[in-house]
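*Asks:* Build me a model from this:
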Amino acid sequence: MSTANFKKFGKFALIWYSQQFAIPFWIIGHVHLQLHDYGVIIELSSSIIMHLMVGLGFWFDYKDYKKGD
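*Replies:* A predicted model of the protein is given here:
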């Protein structure tokens, strides 16, 4: 797989992830992080990483949507 194809697949996967898992992540993921004691650093880093993934997916999808106008 070439680098360009790998980047396209990565972008597609991130957009797909953000569309499929945004609501379950916010509802279930945060409840799970709050109910179990993983330590503050792990909870914060996990939450930040998941938020960034969902946010980036939405941003990439929005940019693709705007190209279609």
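*Asks:* For the longest helix along the chain, buried residues please.
*Replies:* Counting residues, the longest helix found in the chain (DSSP state H) is helix 40-67. Residues 50, 53-54, 57, 61 are the ones in helix 40-67 that count as buried (16 or more other C-beta atoms under 10 Å). For glycine as for every other residue, the C-beta is placed from the backbone atoms N, C-alpha and C.
*Asks:* who's in contact with the host helix or strand of residue 16?
*Replies:* Using DSSP states H and E, residue 16 maps to helix 3-24. By C-beta atoms under 8 Å, 6 or more residues apart in numbering, the residues outside helix 3-24 that reach it are 1, 53-58, 60-61, 64.
*Asks:* want to throw the residues you listed into CSV with pLDDT and distance to residue 19?
*Replies:* Formatted as CSV, these follow (pLDDT from 0 to 100; distance: C-beta to C-beta, whole Å):
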residue, pLDDT, distance to residue 19
1, 67, 23
53, 84, 12
54, 82, 9
55, 85, 12
56, 89, 12
57, 87, 7
58, 86, 8
60, 89, 11
61, 89, 7
64, 87, 12
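*Asks:* Would you check how far apart residue 46 and residue 39 are?
*Replies:* Distance, residue 46 to residue 39, using C-beta to C-beta, to the nearest Å: 10 Å.
*Asks:* Next: residue 6.
*Replies:* Taken as C-beta to C-beta, the span from residue 6 to residue 39 is 34 Å.
*Asks:* again, but for residue 13
*Replies:* Distance, residue 13 to residue 39, using C-beta to C-beta: 29 Å.
*Asks:* Could you point out which residue ranges in this protein have low pLDDT?
*Replies:* 1, 25-34, 36-38, 69 (pLDDT under 70).
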